[in-house]
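Requesting a structural model of the entry that follows:
(2 chains)
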Amino acid sequence: MGNATHRCLALVLLAGTLVFGPQAAQAHPHVWITSTSELIYAPDGSITGVRHAWTFDDMFSTYALQGIESKTKGVYSHEELAPLAQTNVESLKEFGYFTFAKADGKKQKFIEPVDYFLDYKDGLLILHFTLPLQTPVKSKELALEVFDPTFFVDFKLADKDPVKLVGAPAACQVSFQRPNDGAASAQKLGEQNFISGDNSNFGAMFANKIMVACP
Amino acid sequence: MRLRSLRKWRPSLAHGLAIGVMAVAAVLLLDGLMHVLTAQTPFGGPRPSAEPQVGGIVGWLLAKQSEFYREISSTIRVAKSDGSAVWTLLAISFAYGIFHAAGPGHGKAVISSYLVANQETARRGVVLSFASALTQSLVAVVIVAIGALMLNATAKAMCGAEKTIEIASYALIAAFGARLVWTKGGGFMRALQGSRPALAMVAATHHHDHHNDDHVHDEHCGHAHGPEPSELAGPGGWRRGFGAIFAVGLRPCSGAILVLVFALAQGLFWAGIAATFVMGIGTAITVAAIAVMAVSARDVARRLSGAKEGGGALFMRGVEFAAAGLVLLFGVGLLFGYLTAERVTCF
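Residues are numbered from 1 along each chain as shown, chains lettered A, B, ... in the order given. You can find the predicted model right below:
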């Protein structure tokens, strides 16, 4: 009978192996981005958009520069990188710019990025772009998440000053959580409905969460 | 394997057990598929258990994989000045390959399903796993050699090529799955209709029917016998296997392409190529291990259910049919973007 149990396990393994693969397939980072974000406010205290600066990792930066001509080897001007920046923001559209915002619990829409350009510094590409909200919004609680639900891209908030408020009312307080903060996981339990409603997804556990409270 | 002893079991017990286990397996499969399918969009279908597991095996695989992958770029940089770092690079690439395949990739799911569906042996499973992983490496090297080295194409252009190849690969998997479903569906339907004599007849006819793969192999049934290795390697045997290799292996790993382009930019293209193939070997080991598990589990299922009744044969035809269906499902799912995680992302 012990044998039988063993063989049962084998059968379950058959199913398991066929199942486990595709599920874990969602875990697949190939690009690492270190992100800093500025939240832009209008004089009336409503938030108008987000200005991101995303630093790509070494390998991806080199990959992205493949075939891009420059006058001086190893130095790339904004103009030389302009077509690449264009490609970047155009492709990011499909992924919702990996930026998800909620104002007082209501999902906010972004429109196409403006003021985008690429910097090349110390072998790394930095993508700057401003993501305007479709409608500027005044809210007591603003929540912003930066992450890739499919986890092809691994987002990380910069170690130093990852979030800045620009022109926000003085009373507004900003805080943020990194995905591997114990606090973030604990928070998630209570906040499952945060961005994705009940439709939590794999990448969500790697989300970087920025919160602004304006009493 | 001491499986003979199982034959002494009362068929009803073995059969009941097999059916019970199959029910569990079916639930697991369905659950897994739901997860795969509902993960399609950031705000896609409902997921009942909203708290995904960060830790556990998946989390660990993920952490390891990321760790190795990130070390690859720094090691290539070091290798520019210190040749001995190439050995480190190969070691890391090998480890990355092993962990990489344990996490992502439809490849092993498709290959395992195919092996189960098509009554392949474990040995062939290993060969197919290695062949498909090395094909993947080769395709990556060819893309970068032609795209970056010869044409100095941009990343965008190469990524575009990658996307096209990817779609072709998914279409092939779907077509391959459809063909498997067609042939295995035939076997299943016959097993469904047939009583034992009918099955025996079908099985017997297969001696005259070597080019047709919808015959019923069942060692427990009449004069039928299990597939001989030589027979599998014959017409339709290896050719079908190569179909699987080609369909799966055609799609290169984005990671390999990144590594290759990076190595090329550092003037160490050859090291990138070596790393890519070592990565492929690592991947193959994991895929082969999973494939062998799948094949062994299927064989155990066959022995458990086989006993002496037609029901056992029906059960196995059902398993094969379901596995064939999975291949088709993976192909279609990948092709139409339900499994977005497996899409090439071009920035």
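
If you average the pLDDT over the longest strand along chain A, what comes out?
The longest strand of chain A (DSSP state E) is strand A:124-137. For strand A:124-137, the mean pLDDT works out to 95.

hmm, who's touching it?
A:40, A:42, A:46-58, A:60-61, A:64-65, A:81, A:84-85, A:88-89, A:97, A:99, A:101, A:103, A:108-111, A:113-120 (C-beta atoms under 8 Å, 6 or more residues apart in numbering or on different chains). Where C-beta positions appear, they are placed from N, C-alpha and C, glycine not excepted.

filter those residues to the buried ones?
Using 16 or more other C-beta atoms under 10 Å in any protein chain shown as the burial test, the contacts of strand A:124-137 include A:40, A:46-58, A:60-61, A:64-65, A:81, A:84-85, A:88-89, A:97, A:99, A:101, A:103, A:108, A:110, A:113, A:116-120 as buried.

returning to what we had before: right, is whatever helix or strand comes next after the longest strand of chain A up against chain B?
Note on strand A:124-137: by DSSP states H and E, the next helix or strand toward the C-terminus is strand A:141-146. No - figure legend: strand A:141-146 not in contact with chain B (C-beta under 8 Å from any C-beta of the partner chain); closest approach 10.2 Å.

Give the burial count for residue B:160, as a bare number.
By the criterion of other C-beta atoms under 10 Å in any protein chain shown, residue B:160 has 15 neighbours.

which residues in the chain form helices?
By default, I'm working from chain A. Here chain A has its helices, by DSSP state H, at A:2-24, A:58-65, A:78-93, A:182-190.

The intended chain is chain B.
Using DSSP H, helices in chain B cover B:11-38, B:56-81, B:85-102, B:107-117, B:122-144, B:155-193, B:196-205, B:229-232, B:237-249, B:254-265, B:269-306, B:310-335.

Is it possible to get a markdown table of the ones you listed that adds distance to residue A:75?
Converted to a markdown table, the helices of chain B look like this (distance: least, C-beta to C-beta, whole Å):
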| stretch | distance to residue A:75 |
| --- | --- |
| helix B:11-38 | 45 |
| helix B:56-81 | 19 |
| helix B:85-102 | 27 |
| helix B:107-117 | 40 |
| helix B:122-144 | 24 |
| helix B:155-193 | 18 |
| helix B:196-205 | 72 |
| helix B:229-232 | 59 |
| helix B:237-249 | 39 |
| helix B:254-265 | 15 |
| helix B:269-306 | 23 |
| helix B:310-335 | 41 |
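
could I get these as CSV with mean pLDDT?
Output for those, formatted as CSV (pLDDT from 0 to 100):
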stretch, mean pLDDT
helix B:11-38, 46
helix B:56-81, 81
helix B:85-102, 88
helix B:107-117, 84
helix B:122-144, 90
helix B:155-193, 85
helix B:196-205, 46
helix B:229-232, 40
helix B:237-249, 78
helix B:254-265, 90
helix B:269-306, 88
helix B:310-335, 82
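
Give me whichever of those is most buried.
helix B:107-117 (a mean of 28; mean count of other C-beta atoms under 10 Å in any protein chain shown).

Restrict that helix to CA atoms and write it as PDB.
Output of helix B:107-117 as PDB, limited to C-alpha atoms (Å, rounded to 0.1, in the frame of the first residue of the first chain):
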ATOM      1  CA  GLY B 107       8.600  25.000 -23.300                       C
ATOM      2  CA  LYS B 108       8.600  22.400 -20.700                       C
ATOM      3  CA  ALA B 109       4.900  22.400 -20.300                       C
ATOM      4  CA  VAL B 110       4.500  21.800 -24.100                       C
ATOM      5  CA  ILE B 111       7.200  19.200 -24.200                       C
ATOM      6  CA  SER B 112       5.900  17.300 -21.200                       C
ATOM      7  CA  SER B 113       2.300  17.400 -22.500                       C
ATOM      8  CA  TYR B 114       3.500  16.200 -25.800                       C
ATOM      9  CA  LEU B 115       5.500  13.300 -24.300                       C
ATOM     10  CA  VAL B 116       2.400  12.200 -22.300                       C
ATOM     11  CA  ALA B 117       0.100  12.600 -25.300                       C
END
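
Report whether that helix contacts chain A.
Yes - counting by C-beta under 8 Å from any C-beta, chain A has neighbours in helix B:107-117: B:108, B:109, B:112, B:113, B:116.

I'd guessed residue A:175 sits against residue A:211; true?
Yes - counting by C-beta atoms under 8 Å, residue A:175 touches residue A:211, with 5.1 Å between them.

Those two: who's more crowded?
residue A:211 (17 against 10).

which ones are touching residue B:244?
Residues near residue B:244 by C-beta under 8 Å, 6+ apart: B:110, B:111, B:114, B:128, B:132, B:176.

ok, of the residues you listed, which one's closest to residue B:253?
Residue B:253 lies nearest to residue B:132 out of the contacts of residue B:244, by C-beta to C-beta, at 11.7 Å.

Show the contacting residues for the residue nearest to residue B:250 when sequence neighbours are not counted.
Nearest residue to residue B:250, sequence neighbours excluded (C-beta to C-beta, 6 or more residues apart in numbering or on different chains): residue B:169, at 4.0 Å. If you count contacts by C-beta under 8 Å, 6+ apart, residue B:169 has them with B:247, B:248, B:250, B:251.

tell me the phi and psi of residue A:57?
Dihedral pair for residue A:57: phi -70, psi 170, per degrees, to the nearest 10.

hang on, isn't it packed against residue A:63?
No - counting by C-beta under 8 Å, residue A:57 stays clear of residue A:63, with 9.6 Å between them.
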